[in-house]
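# after the sequence you'll find the predicted model.
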Amino acid sequence: MEASLVRPHVEDLVYNLYARTIHPELFRIFARLEIRHADYWAELLICDAGHVTCFHRHGEIVSELAASKDAPLPQKRRLASHKIRGHRNEEFQFAHGLSFHASVQIEQVDGEVYQHLHEELLADCSGCRLAHRFPSRSRLAPGALSLIRAEDTPRSLLVHAFHTYPDNHAVLRVQSLFEF
């Protein structure tokens, strides 16, 4: 039987940060992007509940993900884990001068505002480096969207991830900066 493409309820979303790779077989992946520079490389994935970003530099790995609380995630080398509510910032300093900053925000709005936000994000999909439009559960409701904008330089990676949750009229915004 085919798994449902419906996103989890926003109450079930968690943000996790790891000092390790997160195996992609733990998620249903819909889009993938790899970014390479001389001193680092990164992999960005859009999955059913949100996204995974893995940043690799000089043998150090930092992975962040927005996922369902029911995802079978490892406990080993987890630096942060919390339910996604309102707005929250994360900051970590790693070896070799690597710093990580993230801003995580979920916003639930009324149906009309959600429809407007959905249309704006849908228009932005063509200009993003990574995007996926999920099928709708009905012909009258919009399908969920995920889009990621990535701005990379030889010394930094800035990731803007947007995910919509139509059943909850919610938009998740995650902005992450890896820099050294």
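Cool, got the structure.
# how about the residue nearest to the spatial centre of the chain, nearest residue that isn't a chain neighbour?
Nearest to the geometric centre of the chain sits His51, at 3.1 Å (CA atoms, centre = their mean). Excluding its sequence neighbours, the residue lying closest to His51 (CB to CB, 6 or more residues apart in numbering) is Ala161, at 4.9 Å. Backbone N, C-alpha and C define where each C-beta goes, glycine included.
# then Phe92?
Phe100 (4.7 Å).
# wait, is that neighbour part of a helix?
No - Phe100: not assigned to a helix; according to DSSP: H, G, I helix; E, B strand; the rest coil it is strand.
# count the neighbours of it for me.
18 (other CB atoms under 10 Å).
# tell me the spacing between it and Arg85.
Between Phe100 and Arg85 the distance is 21 Å, computed by CB to CB, to the nearest Å.
# same thing with Tyr40?
For Tyr40, the distance to Arg85 - CB to CB - is 31 Å.
# more crowded one of these two?
Of the pair Tyr40 and Arg85, Tyr40 is the one with more neighbours under other CB under 10 Å, namely 21 against 13.
# give me the low-pLDDT residue ranges for this structure?
1-6 (pLDDT under 70).
# now the helices for it?
Applying DSSP state H to the chain gives helices spanning 111-124.
# which residues of it fall in strands?
Along the chain, counting by DSSP state E, strands occupy 13-18, 29-36, 41-47, 51-57, 60-68, 78-83, 87-93, 99-108, 130-133, 145-153, 156-165, 170-179.
# give me the contacts around the third one.
For strand 41-47, contacts defined as CB atoms under 8 Å, 6 or more residues apart in numbering pick out 24, 27-35, 51-56, 65, 67, 129-132, 146, 148, 150, 152, 157, 159, 178.
# give me the buried positions along it.
For strand 41-47, burial by neighbour count (16 or more other CB atoms under 10 Å) applies to 42-47.
# that one pairs with which strands, and in what direction?
Strand pairing for strand 41-47, determined by DSSP bridges: strand 29-36 (antiparallel), strand 51-57 (antiparallel).
# how far off strand 145-153 does it point, in degrees?
If you take axes from the mean of the first three to the mean of the last three CA atoms, to 10 degrees, strand 41-47 sits at 170 degrees to strand 145-153.
# return the distance of strand 41-47 from the chain's centre.
9 Å (CA atoms, centre = their mean, to the nearest Å).
# and the residue nearest to His51, how many neighbours?
25.
# and stretch 20-29, how far apart are its ends?
19 Å (CA to CA, to the nearest Å).
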